[in-house]
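[1] what's the 3D shape of this:
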Amino acid sequence: QVQLVESGGGLVQAGGSLSVSCAASGRTFSTVVMAWFRQAPGKEREFVAGVNWNGGRTSYADSVKGRFTISRDNAKNTVYLQMNSLKPEDTAVYYCAQDIHNAVVVNTEFDEYDYWGQGTQVTVSL
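    Numbering: from 1, shown residues only. The predicted structure is shown next:
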């Protein structure tokens, strides 16, 4: 059984930076794609960023490209999301997700992912 636990969310002013982390249990972490999604109130869950098994391939939503960076440390079973130049529209609950069927291809559809964390709130104020 895989468990994903996010941490690091909080409140930040627009233009600021925040980093969130996701610690995973289980032996599959180092061999599968990991991703971050987010969901704002009244909106659908959307893809933010994803990374392949060894960190060599990343994918980003257009809305965060150039501002967010996803990375992973397989020795620590942890995936990170560094968020810079934050905007109020980045306010959402951020979820990490694991796609146990893929090592290389980063899917952007949430129903492609098998395990989810409980989410961490990120709030960006004006």
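[2] tell me the contacts of the residue nearest the centre of the chain?
    For the chain, the residue nearest the mean C-alpha position is Trp36 (2.0 Å; Cα atoms, centre = their mean). Contacts for Trp36 (Cβ atoms under 8 Å, 6 or more residues apart in numbering) come out as 20, 22, 48-50, 70, 79, 81, 94-97. All C-beta atoms are positioned from the backbone trio N, CA, C, and that covers glycine.
[3] so Gln82 touches Arg67, yeah?
    No. Using Cβ atoms under 8 Å, Gln82 is not in contact with Arg67, being 9.3 Å away.
[4] who touches Val5 in this structure?
    Val5 neighbours (Cβ under 8 Å, 6+ apart): 22-24, 117-118.
[5] Give me the nearest residue to Phe68, chain neighbours excluded.
    Leaving aside its chain neighbours, Phe68 sits nearest to Met83 (5.1 Å; criterion: Cβ to Cβ, 6 or more residues apart in numbering).
[6] and what of Gln98?
    Nearest to Gln98 is Tyr115, by Cβ to Cβ, 6+ apart, at 4.4 Å.
[7] so how many other residues sit close to the one you found?
    Look at Tyr115: counted by other Cβ atoms under 10 Å, it has 19 neighbours.
[8] Distance of the residue lying closest to Asn107 once chain neighbours are set aside relative to Asp111?
    Counting by Cβ to Cβ, 6+ apart, Asn107 lies nearest to Asp99, which is 6.1 Å off, once chain neighbours are set aside. Using Cβ to Cβ, to the nearest Å, Asp99 is found at 10 Å from Asp111.
[9] ok, these two, which is more surrounded?
    Neighbours were counted for Asp99 and for Asp111 using other Cβ under 10 Å; Asp99 has more, 20 against 7.
[10] Verify the stated contact: the more buried one with Phe29.
    No. If you go by Cβ under 8 Å, Asp99 and Phe29 don't touch, sitting 11.5 Å apart.
[11] And the strands in the protein, which stretches?
    In the chain, the segments counted as strands under DSSP state E are 4-7, 10-13, 18-24, 33-39, 46-51, 58-60, 68-73, 78-83, 92-99, 115-116, 120-125.
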